[in-house]
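S.K.: mind looking at a prediction? Sequence and model below.
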Amino acid sequence: MEKIITLVFHNRGLRSFIEVDLCSECPRQDDKGCCGFYSPVFYPIDLAYLLFEQPDLLDYIFKLDHLTILDASITVNNVIEGNSYRCKFHSQDNGCLLSQSLRESICRHFVCAGIGWWEEESMQDWRDFFDKLSNYEIQLNNEWASILKGQGLTLRDPSLRPKFFDELKKLYQQELNRPPDFITLMPEQDSRSLTRPLSFGADWIL
């Protein structure tokens, strides 16, 4: 069975994401798909965005159990379910409880290997964009983590978090004022389609 799959690439700078119409009918047919294998990690860029756009969500995250809190990141560890896991933000009925712009980078960029859109010659411009974006985010996250650590700030100490977040917001705001060319030269949204043979259950490669 072959299916036409449509991807919508959203260029929102540091909050860019890929929307895939197949996700709502995930061939894994286990009501969690890729969300059964990954624990989301919120890095400085993600935390800064939440501070500006959804601070209540950040408060909610800190109240969850089984977190891994490092100097500049928070991992929301998934929970065991059957022979795999389930992300704490994943609902059996409605999928991810977070809108795509609120998700961390892996969850915003990930497309399963069964689709393999990056192999399509017609989509190499977007492959280059998301490769550069991923490297750019890693660079910024590392730079900001180093700056904050140099100021003696860490998320591990709850008493230091208000100051940590104040300084993080400054770094984020400065970066928004100087986006790199690879972001400004791409359209804000672009839809592309491809055809792929479908397999189901564990045969569908994530």
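M.R.: Arrived safely.
S.K.: how about the helices in this structure?
M.R.: Ranges of helices in the chain, per DSSP state H, are 44-53, 55-63, 105-109, 124-150, 161-176, 181-184.
S.K.: closest to C26 out of the ones you listed?
M.R.: Nearest to C26, of all these, is helix 105-109, at 14.4 Å by C-beta to C-beta. The C-beta positions use only the backbone N, C-alpha and C, and glycine is treated the same way.
S.K.: the closest one: which residues count as buried?
M.R.: Neighbour counts over helix 105-109 (16 or more other C-beta atoms under 10 Å) mark 105, 107-109 as buried.
S.K.: now for that helix, which elements pack on it?
M.R.: On a contact count with 3 or more C-beta pairs under 8 Å, 6 or more residues apart in numbering; DSSP states H and E, helix 105-109 meets strand 17-20, helix 124-150.
S.K.: out of these, flag the one nearest W204.
M.R.: Closest approach to W204 among the helices and strands packed on helix 105-109 (C-beta to C-beta): strand 17-20, 13.1 Å.
S.K.: what's in contact with the closest one?
M.R.: 5-10, 100-101, 103, 108-111, 115, 130 (C-beta atoms under 8 Å, 6 or more residues apart in numbering).
S.K.: out of those residues, list just those in strands.
M.R.: Of the contacts of strand 17-20, the ones assigned to strands by DSSP state E are 5-10.
S.K.: quick check: the closest residue to E120 other than its chain neighbours vs R127, distance?
M.R.: Leaving aside its sequence neighbours, E120 sits nearest to L194 (C-beta to C-beta, 6 or more residues apart in numbering; 5.6 Å). L194 sits 13 Å away from R127, taking C-beta to C-beta, to the nearest Å as the criterion.
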